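Peer 1: Next comes the sequence, and after it the predicted model I'd like to discuss.
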Amino acid sequence: MGRVKHGRLTRAVRTSGRALVPVHLRAWSRRLGGLSRTGLAVAGLWFAAANTPSLLPRPWWLQGLIAAICAILGYATGHAIGAAGRAVAAWAELRVSMNPRRARLLTELTLAAMLLFALAFPFLTIRWQQFVNRYVGHDPPGWEYPIGSMLVAIVTFVAAISLWRLVADLLDWWLARTRSRVIRETTARVVASVLTLATVAGVLTWVARPLVLAGVEGQADRVNRTTPVGHQAPSSPLRSGGPGSPRSWESLGQDGAIFVSSGPDAAAIEAATERPASEPIRVFAGVADSLEASRDAVLAELDRTGAWQRRSLLLVTPTSTGYVNTWGAAAFEYLQDGDTAVAGFAYSDLPSAFGLLTGRDQPPRAARMLLDAVRTRLAAMPASARPKLYVTGESLGAYGGDGAFSSPEQMLAQVDGAVWSGTPTFAPNRAALTDRRTPGSTMVVPVLDDGRHIRFAGRPEQLDADEYGRPLGTWAFPRVVYLQHASDPVAWWSPDLMWTAPAWLQETRRDTPMAQMSWTPQVTFWQITADMLVSNNVPGGFGHRYYGGEMVPAWSAVLGVTGRTPGQLERIADAVGR
C-alpha cells in the first residue's frame, strides 16, 4: 500500500491501516548502520561527562579509554530506554505524525549538533584538566591532550559497536526465514546484546580472571622470592633477615625486604634529633603456609630482638604482599629516639586488588591475629614494664587494621593510638565514624565529639582544626588519626558510585578538584576507578601518597610528643623523606 507524490515513492509500512515508519527514515537509519538514535544521544552525553576532570590527572590514553567505556555504556543505556519507550508507545497506541522530510532533517540536525558538542567538549574542558594537574604539581597538558584522548575514545567506541553490529547482523541473517521483520530484527538485537554481554562476562569470569590471577600469582611469587634492587640484607641483628635472624632475607618478599632494610639507624636518628638514640627494631615475616605460622614467626622475632623491653611497639598491617608505608614507620622511630619495635607480616602473594577478590576477610583476620597474640604477651607483663602498643596501616592495610576492631570504642580500649592512611570506604569503623560525624562537618574531614579521641585530616593543619579552620577541642589519649586526602580515590571509591550520588560530592569542597566535579550515573564510578590506577603517580600529599610531611605531625600528635621545636620536627620530616 502506498501513494506517489511529486514523482517520488514515499511508501509507508502499515499495520492495521496505520502508517508507522516512513521509508525515508528507514533508509536513513540503515545508512547509519541501524544505530539507536537514543543510544547515540546518551552516549554523547556520557562521553562529554567522562571528559570532565575528577580527582587526579590521568594520561591521555587512559582518559580516552574511560571516555569510550562511558560512551559504550551510555549507548547501551540509551538503546534500552529507546526500546522501552517504543514499546510503551505501541502499547498505548501513541503515534506522532510529522512530515517525513522535516523529521529526517530534524533528526540529522540534532545528531550533528550532538556530535559537534561531544567532539568539542574535551577542548572546552582543557582548563579544568590543567587545574587538576597544577593542583598536584604537574605540568598542565596542552591541546594535544584532548586530541589524543578523543582518538583513543573514538577508535574504542567504534570497535565495540562494530562488534555488536556484527553479531546482530549474523543473527539477523540466520533468522531470515522469519516472516516478520520486526520480530527478526528485535530478536537479533536482543540476542546479540545478551550474547555479547554473556560472552564478555564469561571470558572475564572463566578465562580472563583465572588467567590473570594465575599470571599475577606467578609474577607475585617471583617478585616475592626476589630481593629488591638497590637494597641489601640488614647488618643489624635487630632486623629480620639480618645476622642471627631465622628469617632469611629472601623469604621476606620484596616489600618485606624493603621494609626491614630501610628506615633510620641510631646514628641517623641522633643526627636529625640531636638526642641520644637506640637502634630501632624491625621484624617481619613473609608469606607462610598459614596466617598462624606467620604470626608465630613474628612473635619469635619479637622475642629474639628483645622488643618487649622497648618504650613502644607498633603493629603494622601491610597490604597483602607486605607493603608498608616506610615514611610512617620511620616517623614513629625518629619521634621516640629509636626506642621502638615495629612488626608485621605479609598474608598473600597477590596484589591488593586481587587479594580482595580471593579473600576479603583475610586482612582484618591477619591484623586481629597478631594483635591478640601481642596483647596476650603484654598482659602477662607487669603494667609498669609494658611497652605502649600502637597500630597502623595504609590502603588495604588500613582496611585490615581498622577491621580488626569490632567498634571504634574497642579500638580505643585496646591500643594506645593509631594512624590509618588512605583507608578505603568499606573499612567498617571508618564508615561508622563518618556516619556519626557532627552535623556541619563534612565526609572529607569529619569531626566527632569535637576531636576528643579520633580525628580525620587531609592536611597536617587539620589535626588541630576542622575543614573551615575552626579549632577542635581538647585531645585526650588514646588518639587515633585517619589521614585521607581529598584527592585520594582509594578513600572515595565505592560500587555505589554507579547509581548513587555520594554525599562527599554534595558538600562544600573548597580549592580541590572535588569542587569542579559533578556526579553522573556510571560515569563517576569509572572516573574514580581510573583515578585509582594513577593514585601513586603524584607527589606526596596528594592522591594515595602519604609522605613524611604528613606522617611526622600525625605520629607526633598521636604519641603526644613534647619538647620538640618546630625546627626539630622539620628536620625529622626532612630525614624521614618528603
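Peer 2: Perfect, I can see it now. Residues are numbered from 1 along each chain as shown.
Peer 1: How are the strands of the stretch 51-200 of the chain distributed by residue range?
Peer 2: Using DSSP state E, counting those that start in this stretch, the stretch 51-200 of the chain contains no strands.
Peer 1: What pLDDT is listed against the residue nearest the centre of the chain?
Peer 2: Residue closest to the average C-alpha location in the chain (Cα atoms, centre = their mean): V490, at 3.5 Å. pLDDT, V490: 91.
Peer 1: measure it to L109 for me?
Peer 2: 45 Å (Cβ to Cβ, to the nearest Å). (Each C-beta comes from the backbone N, C-alpha and C, glycine too.)
Peer 1: how about the residue nearest to the centre of the chain, what does it touch?
Peer 2: V490 makes contacts with 395, 422, 424, 532, 535, 544, as judged by Cβ atoms under 8 Å, 6 or more residues apart in numbering.
Peer 1: Correct me if wrong: the second one contacts A491.
Peer 2: It refers to G422. Yes. With contact defined as Cβ atoms under 8 Å, G422 counts as touching A491 (6.0 Å).
Peer 1: Return every residue with contacts to both of those two.
Peer 2: Jointly contacting G422 and A491 under the rule Cβ under 8 Å, 6+ apart are 484-485.
Peer 1: Now do the strands in the chain.
Peer 2: Using DSSP state E, the strands of the chain run over 4-5, 8-9, 12-15, 18-22, 281-285, 312-317, 340-345, 388-394, 417-421, 454-457, 479-483.
Peer 1: Same list (the contacts of V490) but as CSV, adding distance to P141 and neighbour count.
Peer 2: Shown next, in CSV, are these (distance: Cβ to Cβ, whole Å; neighbours: other Cβ atoms under 10 Å):
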residue, distance to P141, neighbour count
S395, 28, 27
G422, 26, 26
P424, 29, 21
M532, 20, 18
S535, 18, 24
H544, 21, 23
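Peer 1: farthest-separated two in the residues you listed?
Peer 2: Longest distance between any two of the contacts of V490 is 11.8 Å, between P424 and S535; criterion Cβ to Cβ.
Peer 1: What ranges in the stretch 101-250 of the chain fall below the confidence cut-off?
Peer 2: Scanning the stretch 101-250 of the chain for pLDDT under 70 picks out 168, 171-228.
Peer 1: circling back to that earlier point, in terms of distance to P408, which of the contacts of V490 ranks first?
Peer 2: Proximity of those to P408, judged by Cβ to Cβ, is greatest for P424, which lies at 16.5 Å.
Peer 1: Could you report the separation of that closest one from A457?
Peer 2: P424 is 17 Å from A457, by Cβ to Cβ.
Peer 1: and what of D574?
Peer 2: 21 Å.
Peer 1: between these two, who's got more neighbours?
Peer 2: Neighbours were counted for D574 and for A457 using other Cβ atoms under 10 Å; A457 has more, 23 against 13.
Peer 1: Per-residue pLDDT of the more buried one, please?
Peer 2: For A457, pLDDT reads 96.
Peer 1: mind listing what it touches?
Peer 2: 445, 463, 481-484, 554.
Peer 1: Now for G338, how many residues are close by?
Peer 2: G338 is flanked by 26 other residues according to other Cβ under 10 Å.
Peer 1: Surely it is in contact with G263?
Peer 2: No. With contact defined as Cβ under 8 Å, G338 does not reach G263; the gap is 9.8 Å.
Peer 1: Please consider this matter closed, and thank you.
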